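Chemist: quick one, what's the 3D model for this:
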Amino acid sequence: MPADNLQKLCSESREKLKSAISIMETFLNEHALSQLVTEQDEETVHFYKGFLSDVRHLLVFSEVSYEKLGVVQRRPNFDIDFAEKALYNLYHRCVNSFFYPKNESYSEDGRYAYTGQDAIRFRKKPVRPARDVIMNITKIYEELRDDLAYYESDYLTERRMQSEKSHA
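Modeler: From the prediction side, this is the model:
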């Protein structure tokens, strides 16, 4: 990918992360487990503990990627390798953490992805603020996934081929 396009992709990805980070921070700063759990049964408590854990992890991964993309932009000379590695990590840490949360409190149902309906399905019906935080960041992570699809597998394949050439 030409350096200009790569710089633009880094900048756009960073701006998208900034929006997602803001939404998640606001949610986590304003909602505690006790506020989300309306029913005191064990299943509900377990659901929200996992949900909050997944949002916290996603927030941290997103903040780290945001900072790395900032380093990419602040360097006096654009470092293509560093930029590509930052985008690869963004895809594998953030995008994958969003679409495949460890505690599986929600998941993407691909059958709804192209119908105009919400593709995110919750394991248990969440309270409105919990639902809203995920729905408000879904489009951001969908766009990042689409923008960075190359980094899902092609980036590593290219790196391996370069490594093999240098060892030959």
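Chemist: and A119, how many neighbours does it have?
Modeler: Using other Cβ atoms under 10 Å, A119 has 17 neighbouring residues. The way it works is simple: take the backbone N, C-alpha and C, and place the C-beta from them, glycine included.
Chemist: and it, how far is that from P101?
Modeler: Going from A119 to P101 by Cβ to Cβ, to the nearest Å gives 14 Å.
Chemist: can you check D41 too?
Modeler: 21 Å.
Chemist: in this protein, where is pLDDT below threshold?
Modeler: For the chain, the stretches with pLDDT under 70 are 1, 111-117, 153-168.
Chemist: show me where it has helices.
Modeler: Here the chain has its helices, by DSSP state H, at 3-30, 33-36, 42-74, 80-89, 96-99, 128-147, 150-167.
Chemist: buried set for stretch 9-24?
Modeler: 9-10, 13-14, 16-18, 20-21, 23-24 (16 or more other Cβ atoms under 10 Å).
Chemist: gap between H57 and E30?
Modeler: Taking Cβ to Cβ, one finds H57 at 19 Å from E30.
Chemist: more crowded one of the two?
Modeler: H57 (17 against 10).
Chemist: now H31. Nearest residue, chain neighbours left out?
Modeler: What sits nearest to H31 in space, not counting adjacent residues and going by Cβ to Cβ, 6 or more residues apart in numbering, is P129, at 5.6 Å.
Chemist: list the contacts of the one you found.
Modeler: Going by Cβ atoms under 8 Å, 6 or more residues apart in numbering, P129 touches 27, 30-31, 36.
Chemist: doesn't A83 make contact with V72?
Modeler: Yes - the pair V72 and A83 passes the contact test of Cβ atoms under 8 Å, sitting 4.7 Å apart.
Chemist: between the two, what contacts are shared?
Modeler: 7, 10.
Chemist: since that was my last question, I'll sign off now.
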